[in-house]
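**Q** sequence first, predicted model second:
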Amino acid sequence: MESFIEVTTAHMNATIPAYFTALDEVTKYNVELNIAERLWAAWYLWMQNDTLATGIMSFVMHEVVYFGRSLPWIIIGMIPYFNKYKIQDQKMPTWKEQMNCAFIVLISHFTVELPQIWFFHPIATYCGMDYGTPFPSLGKMAFQICVFFVMEDAWHYWLHRSLHYGPLYRSIHKMHHYYSAPFGLAAEYASPIEVMLLGLGTVGAPALWCYFTGDLHLITMYLWIVARLFQAVDAHSGYDFPWSLRNFLPFWAGAEHHDVHHEKFIGNYASSFRWWDKILDTEASAEARERRRGEKLAKAKKAQ
Ligand SMILES: [Zn+2]
Ligand SMILES: [Zn+2]
């Protein structure tokens with residue numbers, strides 16, 4: 001990427017151009033690139049500082065996706081037709097509740113996440129992450145994102161389960177459980193330590209992958225984070241529709257899985273998939289609780 005920037009910069013009389021001038025230059029000398037790749041290359045060329053370019057892009061992307069994905073859920077909450085799909089239908093979040101939550105989340109994004117995002121570019125490039133053009137193929141990106149989902153889900157299950165251990169719950173995780181009937185904006189309503197620990201799964205999965213395979217592009221990382229943000233916001237939405245993903249992918253967790261966790265406080269610790277809770281018998285559903293109670297009773301009877 002650096003040599004690419006250097007070569008293209010040489011054509012521009014070493015002056016910092018306007019963004020669209022940079023885009024014109026990239027287009028002139030890189031006709032094989034698609035429009036997304038040209039916009040990307042022009043951004044780095046225009047910024048003239050790769051750490052800053054990645055930092056700003058990461059932060060803006062996170063804010064736009066997090067609040068942008070929460071907005072439809074706020075609107076759905078205002079339309080009575082959708083009430084029949086609300087999982088805890090007696091607990092509708094108020095406008096004030098949602099705005100308070102958004103305010104706290106925003107403060108945490110600026111004070112806790114923003115400084116960390118600044119370290120992202122140097123760490124990513126140290127791990128060997130590519131950020132040049134062209135982008136990898138769609139198939140490769142999709143495969144890597146699927147792997148990250150599986151890795152993050154495992155990390156999330158064990159860490160989240162640990163955070164429910166008394167002292168850790170009281171000192172770290174309690175804040176996230178403030179809303180027993182969650183809504184989209186509440187996905188990142190959590191203590192800074194929790195955001196960091198759980199975020200380690202989201203950033204650590206691709207970092208590990210990159211460290212061992214040496215084959216990861218920053219755009220794949222971004223698409224993964226977008227997908228993960230969608231998953232987190234949707235899991236907190238409080239709505240389960242007949243067209244929700246879990247009805248087509250039975251191992252997908254979705255809102256139906258995580259909403260019960262907020263309601264009951266115990267069980268359903270995984271983020272994206274149902275397999276960890278199923279295999280380790282930590283499901284929170286009424287049927288699973290009933291079955292466990294039956295098994296306990298049978299054991300007690302046998303022991304008598
Ligand atoms: Zn929890
Ligand atoms: Zn939650």
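**A** Cool, the structure landed. Numbers count the residues shown, from 1 in each chain. Ligands and ions are numbered 1, 2, ... in the order given.
**Q** for the lengthiest helix in the chain, give the mean pLDDT please.
**A** The single longest helix within the chain, with elements called by DSSP state H, is helix 50-78. Taken as a whole, helix 50-78 carries a mean pLDDT of 95.
**Q** list the buried ones in it?
**A** By neighbour count on 16 or more other CB atoms under 10 Å, the buried set for helix 50-78 is 50, 53-55, 57-59, 62, 65-67, 69-70, 73-74, 76-77. Where C-beta positions appear, they are placed from N, C-alpha and C, glycine not excepted.
**Q** with stretch 96-104 instead?
**A** Neighbour count says stretch 96-104 has 98, 101-102, 104 buried, by 16+ other CB under 10 Å.
**Q** how about the helices in the stretch 151-300 of the chain?
**A** 166-171, 192-213, 218-235, 254-264, 275-279, 286-303 (DSSP state H, counting those that start in this stretch).
**Q** what residues sit buried inside the second one?
**A** Yep, that's helix 192-213 we're talking about. 194-195, 197-199, 201-203, 205-207, 209-210.
**Q** got a pLDDT number for residue 10?
**A** The model's pLDDT for residue 10 equals 51.
**Q** that older thread, from the buried residues of helix 192-213, which is closest to residue 226?
**A** The shortest gap between residue 226 and any of these belongs to residue 202, at 11.2 Å (CB to CB).
**Q** thought residue 153 was touching the closest one, still the case?
**A** No: contact criterion CB atoms under 8 Å: residue 202 and residue 153 do not qualify, at 10.7 Å.
**Q** need the residues touching each of these two.
**A** Common contacts of residue 202 and residue 153, defined by CB atoms under 8 Å, 6 or more residues apart in numbering, are absent altogether.
**Q** show me what contacts residue 265?
**A** 164, 177, 180.
**Q** try 7 Å this time
**A** Contacts for residue 265 (CB atoms under 7 Å, 6 or more residues apart in numbering) come out as residue 177.
**Q** and the one 10 residues further on, by the same measure?
**A** Shown in contact with residue 275 (CB under 7 Å, 6+ apart): residue 251.
**Q** now residue 19
**A** 42, 46.
**Q** how does this structure divide into domains?
**A** With domains defined by automatic domain parsing, the chain comprises 1-48, 54-303.
**Q** mean pLDDT lowest where, among these?
**A** domain 1-48 (a mean of 78).
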